[in-house]
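Enquirer: Attaching a predicted model along with its sequence, questions to come.
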Amino acid sequence: MHIFLHDLNQAYSTGQLTTDENSLLRYLDYAMIEQQMSMTAANMFWLDILRDHKIDHSLPLPFDRYRLSDEHRTGRGISFSFDFGEDLSHDFLSYSSSHGITVEQLTLASYFAFLFKLTNGESDLCIGMNTNGRYKEELKSMIGMFVNAIPLRCQLDPHWSFHQLVEHVKDIITNSLKYSYFPLQRILNQYPNTIKPAFLETSFEFQSYTSKSSKNEVMIGNARLVAVPFSIKIGEDEIMSKFDFTLTIQHDLDIDQLSCTINASLDLFDRKTIDIITQRFHSMLEQLFNVEDVQINKPTHELSLILSDEKFLMKSMNNTQVIGVIAIEMAGGVYCPLSPRDPKHRLHMLIVADKKSIAIGAPLPNYKCTILDEFSQPPAMGQDGELLVGGVGVFAGYLGRNDLTTKSLVEVDDEIFYRTGDLVRMDSNGLLHYQGREDHQIKLHGQRIELGEIEQCLLKTSISACVVIKWDDDHLIAYVQRSNINEEQLRQHCQYHLPLHMIPSLFVLLEKLPLNANGKIDRKLLPAPQFSPLTNIDKTDVIPLTPLEEHLKCIFSKAFHNESPN
């Protein structure tokens, strides 16, 4: 745009347009040059960068809704912004200059650290970034579409300090920009079965600008035209959002300060969620670049996304209680927010309409609770963590079994806490919601999956018992106690109620599930699954519809000596 505005301004002010040797090239010439370029080195680079990466699996951001297919998405989005302010901008830019890295590299490292915490410890992060594509001098004065999106993959070590992460990101972006001329489509051609790469859904942008620069304006007679940013609004506070989550950092060179904007899809997030996420990013930046804080030298996993008001709420969880709830619990009951005086029809309507889980409440008197993630750090509100219980009822340890004692008890702030193994999530009111067992939560293809959720879905059919396990690193296997339902019906039920990544690869029907001495399902005695290439093939005949399909059918029939007509 600057090139166009410069030429337009020159043409109106002087009546002519000067050219140089570089401007003799046209966009068509560039397209032909690009087709003749050797892409071997770039192709090998991107293949190596994305090796073993699941390109079609999105980052596990704190979505409020399951993902919809593109044809069902509305495109509605929301943006929240904040200014770094004079102090934070100064500290941020000082760190950049003193460590010999660009502001863009530093903001990208901060973004990766934030995504690591926001995804509850996902260490293999891959996002998209647009490059200007003008990697040669002769392209800088040419008008045309040169922007190219590239993947930036950061395999982060949670024990790195922020300094180490910055150096790693510096290498990533330096090497990636070197081969940024390689067209995105040619990267995607290596993945023919992927319709849309997931890394484009979580993107990063860095913009530096001078609002007072003459490059942004054109004088036509006495009129002054100024270029301003534009976004498509579809409501009073809504904009178009093509991607799931985009973070943009802007550097105003006139005042030497920075600002941040987070744009997210309302098809996946609530407004409140994005507002809180924006506050968390602001809070993390203040932790990192506060000169009086030593957080920047600590391991990345010790960064906190907890806001100040949430810290107070978490502390008050152990100090204060709603008297009514305490009375109910001490009487041996469970708090239920439904009144027996209401009509049955209204009670039924409230139960059916309310999809939220009922909180398990807060700790009893003389007990304390805390929540820690896999790195023994308190998670932010809305994130899962293991429930630890402390107080008068915690035992001293297992007699003669130091291994079990070390596994079950942990010291937090000079107090002993028992690790329950239960995963919980704290809501904005300071109440805890049960999310399942830690030993039953797995990660498959980059997605965190609660096996109990799949089991509960299956139990809504006519079966009496089931168990779901992870097999190797690629499959979910559902063991089902046999009833009057077959594998195909179970699969259809899961497809209707669960997202694709939670549907078991195989359903194993057993007469009876093996039990241990305590009457619980013994997972160690479950038979190994028998995989077959024909497991999921539809048994009905499929008639070729086109000459190409007919030709392929003949080839494979001959190759496999299959004389079946279809």
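Expert: Received, thanks. Numbering: from 1, shown residues only.
Enquirer: Local confidence estimate at residue 275?
Expert: Here the pLDDT value assigned to residue 275 is 93.
Enquirer: other SSEs contacting whichever strand or helix holds it?
Expert: Take DSSP states H and E as the rule and residue 275 turns out to sit in helix 271-289. For helix 271-289, the contact count by 3 or more C-beta pairs under 8 Å, 6 or more residues apart in numbering; DSSP states H and E identifies strand 76-83, helix 85-98, helix 103-118, strand 257-265 as packing neighbours. (Each C-beta comes from the backbone N, C-alpha and C, glycine too.)
Enquirer: Looks to me like residue 416 is in a helix.
Expert: No: going by DSSP: H, G, I helix; E, B strand; the rest coil, the assignment for residue 416 is strand, not a helix.
Enquirer: Bridged to it, which residues?
Expert: residue 411 (DSSP bridges).
Enquirer: related to what we said a few turns ago, would you put the C-alpha positions of the helix holding residue 275 in CSV?
Expert: Taking C-alpha atoms only, helix 271-289 is exported to CSV below (Å, rounded to 0.1, in the frame of the first residue of the first chain):
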residue,chain,number,x,y,z
ARG,A,271,-16.7,-12.8,25.0
LYS,A,272,-15.9,-13.1,28.7
THR,A,273,-13.3,-15.9,28.0
ILE,A,274,-11.4,-13.7,25.5
ASP,A,275,-11.5,-10.7,27.9
ILE,A,276,-9.9,-12.8,30.6
ILE,A,277,-7.4,-14.3,28.2
THR,A,278,-6.3,-10.8,27.2
GLN,A,279,-5.9,-9.8,30.9
ARG,A,280,-3.9,-13.0,31.5
PHE,A,281,-1.5,-12.1,28.7
HIS,A,282,-1.1,-8.5,30.1
SER,A,283,-0.4,-9.9,33.6
MET,A,284,2.2,-12.4,32.3
LEU,A,285,4.1,-9.6,30.4
GLU,A,286,4.2,-7.5,33.6
GLN,A,287,5.6,-10.6,35.4
LEU,A,288,8.3,-11.1,32.8
PHE,A,289,9.5,-7.6,32.3
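Enquirer: just to revisit the earlier point, need the winner for burial among the helices and strands packed on helix 271-289.
Expert: helix 103-118 (a mean of 23; mean count of other C-beta atoms under 10 Å).
Enquirer: Tell me how far it lies from the chain's centre.
Expert: Centre-to-centre, helix 103-118 and its host chain are 14 Å apart (C-alpha atoms, centre = their mean, to the nearest Å).
Enquirer: Could you point out the helix or strand that follows it?
Expert: Downstream of helix 103-118, the next assigned helix or strand under DSSP H and E is strand 124-131.
Enquirer: Tell me the buried residues in that next one?
Expert: With burial defined by 16 or more other C-beta atoms under 10 Å, the residues of strand 124-131 counted as buried are 124-131.
Enquirer: Report the lowest-confidence entry in the residues you listed.
Expert: Among the buried residues of strand 124-131, residue 131 carries the lowest pLDDT, at 86.
Enquirer: List the residues that contact it.
Expert: 147-150, 177, 180 (C-beta atoms under 8 Å, 6 or more residues apart in numbering).
Enquirer: would you turn the buried residues of strand 124-131 into JSON lines with distance to residue 255?
Expert: Putting the buried residues of strand 124-131 into JSON lines (distance: C-beta to C-beta, whole Å) gives the following:
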{"residue": "124", "distance to residue 255": "38"}
{"residue": "125", "distance to residue 255": "32"}
{"residue": "126", "distance to residue 255": "34"}
{"residue": "127", "distance to residue 255": "28"}
{"residue": "128", "distance to residue 255": "29"}
{"residue": "129", "distance to residue 255": "25"}
{"residue": "130", "distance to residue 255": "25"}
{"residue": "131", "distance to residue 255": "26"}
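Enquirer: Neighbours of the residue lying closest to residue 262 once chain neighbours are set aside, how many?
Expert: In this structure, residue 262 finds its nearest non-sequential neighbour in residue 278, 5.0 Å apart by C-beta to C-beta, 6 or more residues apart in numbering. By other C-beta atoms under 10 Å, the residues close to residue 278 number 19.
Enquirer: pLDDT (mean, whole number) over the host helix or strand of residue 555?
Expert: Using DSSP H and E, the element containing residue 555 is helix 547-559. Helix 547-559 carries an average pLDDT of 81.
Enquirer: What is that helix packed up against?
Expert: Applying 3+ C-beta pairs under 8 Å, 6+ apart, we find helix 547-559 packed against no helix or strand.
Enquirer: For that helix, buried residues please.
Expert: residue 553.
Enquirer: I'd like the numbering to begin with 69 instead of 1 from here.
Expert: In the new numbering, first residue 69, that becomes helix 615-627.
Enquirer: quick check, distance from that helix to the centre of its chain.
Expert: 42 Å.
Enquirer: got the contact list for the helix holding residue 343?
Expert: 130, 132, 146, 148-150, 152, 156, 159-160, 163, 178, 181-182, 185-186, 230, 305, 315, 328, 330, 332, 361, 363-364, 371-376, 448-450.
Enquirer: State the distance from residue 157 to residue 568.
Expert: Going from residue 157 to residue 568 by C-beta to C-beta, to the nearest Å gives 43 Å.
Enquirer: got the contact list for residue 487?
Expert: So residue 487 contacts 454, 456, 475-478 (C-beta under 8 Å, 6+ apart).
Enquirer: From these, pick the one nearest residue 530.
Expert: Proximity of those to residue 530 (C-beta to C-beta) peaks at residue 454, which lies at 34.5 Å.
Enquirer: A strand includes that closest one, no?
Expert: Yes: counting by three-state DSSP, residue 454 is found in a strand.
Enquirer: circling back: I'd like to know which of the buried residues of strand 192-199 is nearest to residue 121.
Expert: Checking the buried residues of strand 192-199 against residue 121 with C-beta to C-beta, the nearest one is residue 194 at 6.0 Å.
Enquirer: The closest one contacts residue 220, doesn't it?
Expert: Yes: look at residue 194 against residue 220 with C-beta atoms under 8 Å: they come within range, at 7.0 Å.
Enquirer: hey, what's in contact with both of the two?
Expert: Shared contacts of residue 194 and residue 220, defined by C-beta under 8 Å, 6+ apart, comprise residue 267.
Enquirer: Can you tell me the closest non-neighbouring residue to residue 143?
Expert: residue 308 (5.4 Å).
Enquirer: Show me the beta-bridge partners of the one you found.
Expert: Beta-bridge partners, per DSSP bridges, of residue 308: residue 144.
Enquirer: just the one 5 residues further on next, same as before
Expert: Beta-bridge pairing of residue 313 under DSSP bridges involves residue 270, residue 332.
Enquirer: CA-only coordinates of the helix or strand containing residue 238 in CSV, if you can.
Expert: Under the criterion of DSSP H and E, residue 238 resides in helix 230-246. These are the backbone C-alpha positions of helix 230-246, laid out as CSV (Å, rounded to 0.1, in the frame of the first residue of the first chain):
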residue,chain,number,x,y,z
PHE,A,230,12.6,-17.2,29.4
HIS,A,231,16.1,-16.3,28.2
GLN,A,232,16.6,-19.7,26.8
LEU,A,233,13.2,-19.6,25.1
VAL,A,234,14.0,-16.3,23.5
GLU,A,235,17.2,-17.6,22.0
HIS,A,236,15.4,-20.7,20.7
VAL,A,237,12.7,-18.5,19.1
LYS,A,238,15.3,-16.2,17.6
ASP,A,239,16.8,-19.2,15.8
ILE,A,240,13.3,-20.4,14.7
ILE,A,241,12.3,-17.1,13.1
THR,A,242,15.7,-16.4,11.6
ASN,A,243,15.8,-19.8,9.8
SER,A,244,12.1,-19.7,8.9
LEU,A,245,12.3,-16.3,7.3
LYS,A,246,15.3,-17.5,5.3
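Enquirer: Next secondary structure element downstream of that helix?
Expert: helix 252-256.
Enquirer: for that following helix, which positions count as buried?
Expert: By neighbour count on 16+ other C-beta under 10 Å, the buried set for helix 252-256 is 252, 255-256.
Enquirer: same thing with stretch 504-513?
Expert: Across stretch 504-513, burial judged by 16+ other C-beta under 10 Å covers 504, 506, 508-509, 512.
Enquirer: List of residues touching that stretch?
Expert: For stretch 504-513, using C-beta under 8 Å, 6+ apart, the contacting residues are 122, 125, 452, 454, 489-491, 503, 516-521, 538, 541-542, 544, 569.
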